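[1] could you work out the structure for the sequence below:
(chains A and B)
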Amino acid sequence: DAGVIQSPRHEVTEMGQEVTLRCKPISGHDYLFWYRQTMMRGLELLIYFNNNVPIDDSGMPEDRFSAKMPNASFSTLKIQPSEPRDSAVYFCASSGFDRTGFVYGYTFGSGTRLTVV
Amino acid sequence: AQRVTQPEKLLSVFKGAPVELKCNYSYSGSPELFWYVQYSRQRLQLLLRHISRESIKGFTADLNKGETSFHLKKPFAQEEDSAMYYCALSPPAGLTGGGNKLTFGTGTQLKVEL
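    Prediction:
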């Protein structure tokens, strides 16, 4: 398995533009997470899905942020309109549960470095 | 509310010196605890989890429920240990609806100097 795949690796955009980040989780994992990493706040959980359904989006900073998971192998995080303070590294992660209820394979993607100018 | 605190943003040690990265947590119950490592501009990788009681790359972490701590230790630091280290917790295994949602600390940058 190629692991969790994110695209693009780097994105530079102008303030006000729409930005779409993409994530392909590991096949068979039924949880998908979106995190944001900044120097000031470290890693913040934005939203996570279970079996393609959003479970907790309380970490989404504001209405400009939205996330979808149309199927088990693809998720997007969209920012519209983007602002300079959105500049950060955005990570996607996926995981599953084994039959005893233990987490397994919690794996992060390589991240998307977003710069909004 | 669950919270993970890593009090040091930066820890600088000399090669061969012992390392201790501090982590304290707040959770009403018995969470699962993890340490993740992020080498420069790379993805986060799981270093170890408390239920495994394993030692990875010479690192160990002991869960102290009385002090609600999960400090990461290594007796002799190596140059290649320089990285960002994150402590994280999740609700206990078996919980539904968020059983493996990770809450991270703000991270500690470890710098090993020659």
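[2] now do the strands in the chain.
    I went with chain A, as the question did not name one. Along chain A, counting by DSSP state E, strands occupy A:5-7, A:10-13, A:19-24, A:31-38, A:42-50, A:53-56, A:65-71, A:74-79, A:88-97, A:103-108, A:112-116.
[3] my question was about chain B, not that one.
    Under DSSP E, chain B gives strands at B:3-5, B:10-14, B:19-21, B:24-26, B:32-38, B:45-49, B:60-64, B:69-74, B:83-90, B:103-104, B:108-113.
[4] could you give the number of residues near A:Phe108?
    23 (other CB atoms under 10 Å in any protein chain shown). Glycine gets a C-beta too; all of them are placed from N, C-alpha and C.
[5] I'd assumed B:Leu44 was in contact with it.
    Yes: between A:Phe108 and B:Leu44 there is a contact at 4.3 Å, judged by CB atoms under 8 Å.
[6] find residues that contact each of those two.
    A:Phe91, A:Ala93 (CB atoms under 8 Å, 6 or more residues apart in numbering or on different chains).
[7] lowest-pLDDT helix or strand in chain A?
    strand A:103-108 (a mean of 72; mean pLDDT, DSSP states H and E).
[8] re the thing from before, now for the strands of chain B, which one comes closest to A:Ser27?
    Set against A:Ser27 and scored by CB to CB, the strands of chain B come closest in strand B:45-49, at 18.8 Å.
[9] partners of that closest one, with directions?
    Neighbouring strands of strand B:45-49 in its sheet, by DSSP bridges, are strand B:32-38 (antiparallel).
[10] mind listing what the most centrally placed residue in chain A touches?
    Central residue of chain A (CA atoms, centre = their mean): A:Trp34, 2.7 Å from the mean position. By CB under 8 Å, 6+ apart, the residues touching A:Trp34 are A:Cys23, A:Leu45, A:Leu46, A:Ile47, A:Tyr48, A:Ala67, A:Ser75, A:Leu77, A:Tyr90, A:Phe91, A:Cys92.
[11] my guess is the second one contacts A:Met60, does it?
    No: here A:Leu45 lies out of contact with A:Met60, judged by CB under 8 Å, at a distance of 9.7 Å.
[12] please report how far A:Ser87 lies from B:Thr60.
    36 Å (CB to CB, to the nearest Å).
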